[in-house]
Structure formats: C-alpha cells, structure tokens
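>>> quick one: sequence plus predicted model below, questions after.
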Amino acid sequence: MSEQHAPRSLIVTFYGAYGRSVPGPVPVAELIRLLAAVGVDAPSVRSSVSRLKRRGLLVPARTTAGAAGYALSPQARQLLDDGDRRVYAAMPPEDGGWVLAVFSVPESERQKRHVLRSRLAGLGFGTAAPGVWIAPARLYEETRHTLERLGLDPYVELFRGEHLGFAPTADAVARWWDLTAIAKEHEAFLDRHAPVLHDWEGRGDTPPGDAYRDYLLALDSWRHLPYTDPGLPAALLPQDWPGVRSAAVFTALHARLRDAGAAFAGVAETAGVTPAGDAEEAAGAEEAAGPAEA
C-alpha cells in the first residue's frame, strides 16, 4: 500500500534516526542527497528546512570545511529526547497509574485553550471529562516539558493517581480514547510495512542504500503511532490488539536496517541508539513531541 510522506516530517525523522549522531551540522548538500533517497526533491528539502528553521528546530551553521548546513537547536534535542522512549517501546508497559491534566483558561484567552487541547491530544491524552485529560503516568515529564515550553503551565494542574471506579478501568479507557481509530492506525502501519519486513526476511544481504530508504520510511510512519496510542496497559486493551503486532514489525525492521542504513547516511557510529525493544534508552524521532507539531 502506498503512503504519502511529508518532506518536513522526513527531515525530522532523519535527524532523529541519524542526524543526531553526525558530528557538527549536516551539510545542505547531504540533506538533499539523503532525502532524494526517499523521493524528496531538492526544492522541497530547502523549503521544509526553512520552515523548521523558522520554528526554531533547526539552526544554520557551517561545517568545519565551511559548507552551509543545519544543526538541531537545543529545543529540538529536548523534544527528540522526550520522544525517544515512546518511539522505541516495543510493548505497552504495565499499569503504572495515570497523570491527570486539569486546566482552566479564561474566556479572554480562549485561543490558548485550543492550543492546550491540541497539545494534550498530540501527547496522547484521552478526555476523562471537560477540562480533565488523562494519560499513562510515565508521560508526566514529557507533558511538563511541553506545557512549560509553550507557556501553558500557568493554566494547568498536573496530578498522579489511580482509577478507583466506578466503571471498570478497561471500560473507562474505551471512553477516554477512540480505540477503534487507534487500532486502524496500527493496521495501516502493518499493511504498509509488514510486507517490507517479509521481503527483507527473504534476503541474505542488507545493502546500505536500500536499508536506509526502507528504515527511514518505516520510522517516519511509526514515530507518530506512540502519540496516537500512548502505550496503554495491555490488560486494558481489547484482545489481539494490533499494536502488539505493529510494534513487533517495527522492532524487527529497526534491528535489521538501522545500522546498515547508517553507512548510507554517513554516520560512523550509532551512539545513543539502542534496539527498539529497549524502552529505557532508545533513539527515535519526533519533531515536536507529537504529531500535532510534526
């Protein structure tokens, strides 16, 4: 099944997967070469880089050889770091409780109310009640960073807690999140990338260019899913949840292709990148801590 990949998203995905391991800025010429490998033309690369620069995510810099290039801003590195454990978590974690975001925004600042709802949704929060949003407790730090960065923290109170009723928690989760829509996202990923994994499993070689292309496209599709599906505990999800299968496909693609693709990307080392099954220290990519800012 074909899939559209936005040039700006692919650039963010590249920096998350490989660009962070490049010493110094990535030359513009290299960005054009590396994005051409996944079907993006040079004008689209330049315009997308300009947008990312305006948003403060990329900063212009010169390489040691004097070539024009772009490096990640400190803000972008924080956003990528926040997303790392999500993007490479292979299985939903055990139930660790919940974080609640309770907010109140004055009518005179209702635009901030819209931004706040958008960002909480982008972080994977579900809606427990008007003005009360809920997510797995492990998302607390990332939520705090995001709200502080956007200047929304004065309007929000964050709490940790557990669900005590009255409905069974699994029933409540089915109200707080649209599990049917989330499952469809996982199925779409499987439709697109399970055949790619099947093809690689039948090959004895791993050419760097092919590995780079297929890995970057898979990662660009996958990195949004842990925000649509924030990693709800398996016991609270329907049986045969497709997220288990989609995570397994991505884990296998990562293990087979990531390091081989690094050679094509000109990255000599894979420091900071661990196999996708390790949710504690992993390398991933999300431009701004969630799809709403990608």
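Thanks, I have it.
>>> are there helices or strands packed against the one helix or strand Ile11 maps to, and which ones?
Per DSSP states H and E: Ile11 is located in helix 7-17. Packed against helix 7-17 by the contact rule (3 or more Cβ pairs under 8 Å, 6 or more residues apart in numbering; DSSP states H and E) you find helix 28-36, helix 42-54, helix 74-87, helix 208-222, helix 242-265. No exception for glycine: its C-beta is placed from N, CA and C like everyone else's.
>>> run the angle between that helix and helix 242-265 for me.
Angle of helix 7-17 versus helix 242-265, following axes from the mean of the first three to the mean of the last three Cα atoms, to 10 degrees, is 80 degrees.
>>> and Tyr70, that's in a strand?
Yes: counting by DSSP: H, G, I helix; E, B strand; the rest coil, Tyr70 is part of a strand.
>>> what's the neighbour count on it?
For Tyr70, the neighbour count with other Cβ atoms under 10 Å is 22.
>>> what pairs with the spatially closest residue to it that is not a sequence neighbour across the strands?
Excluding the flanking residues, the one nearest Tyr70 by Cβ to Cβ, 6 or more residues apart in numbering is Leu58, at 4.4 Å. Beta bridges link Leu58 to Leu72, judged by DSSP bridges.
>>> Leu58 and Gly66, how far apart?
Using Cβ to Cβ, to the nearest Å, we find Leu58 at a distance of 19 Å from Gly66.
>>> repeat for Val38
Distance, Val38 to Gly66, by Cβ to Cβ: 28 Å.
>>> show me which of these two is the more surrounded one.
It is Val38, of Val38 and Gly66, that has more neighbours when counted by other Cβ under 10 Å, with 18 against 8.
>>> quick one: residues contacting the more buried one.
Val38 is in contact with His5, Leu10, Arg213, Leu216, Leu217, counting by Cβ atoms under 8 Å, 6 or more residues apart in numbering.
>>> of those residues - the most surrounded one?
That'd be Leu216 among these, by other Cβ under 10 Å, with 27 neighbours.
>>> what score does Tyr70 have for pLDDT?
According to the prediction, Tyr70 has pLDDT 90.
>>> pull out the buried residues from the lowest-mean-pLDDT helix or strand in the chain.
Every helix and strand of the chain was ranked by mean pLDDT, DSSP states H and E. The lowest is helix 74-87, at a mean of 82. Under the neighbour-count criterion of 16 or more other Cβ atoms under 10 Å, helix 74-87 has Ala76, Gln78, Leu79, Leu80, Asp81, Asp82, Gly83, Asp84, Arg85, Arg86, Val87 buried.
>>> just to revisit the earlier point, and the helices and strands packed on helix 7-17, which one is worst for confidence?
helix 74-87 (a mean of 82).
>>> next SSE downstream of it?
Sequence order places strand 98-103 as the next helix or strand after helix 74-87, per DSSP H and E.
>>> show me which positions of the helix or strand just after that next one end up buried.
Downstream of strand 98-103, the first helix or strand assigned by DSSP H and E is helix 110-122. Buried positions in helix 110-122, judged by neighbour count with 16+ other Cβ under 10 Å: Lys112, Arg113, Val115, Leu116, Arg117, Arg119, Leu120, Ala121, Gly122.
>>> what's the answer for stretch 102-110, then?
Buried residues in stretch 102-110 (16+ other Cβ under 10 Å): Phe103, Val105.
>>> from the chain's centre, how far out does that stretch sit?
Centre-to-centre, stretch 102-110 and its host chain are 28 Å apart (Cα atoms, centre = their mean, to the nearest Å).
>>> so which of the helices and strands packed on helix 7-17 gets nearest Val156?
Nearest to Val156 among the helices and strands packed on helix 7-17 is helix 74-87 (16.9 Å), distances taken as Cβ to Cβ.
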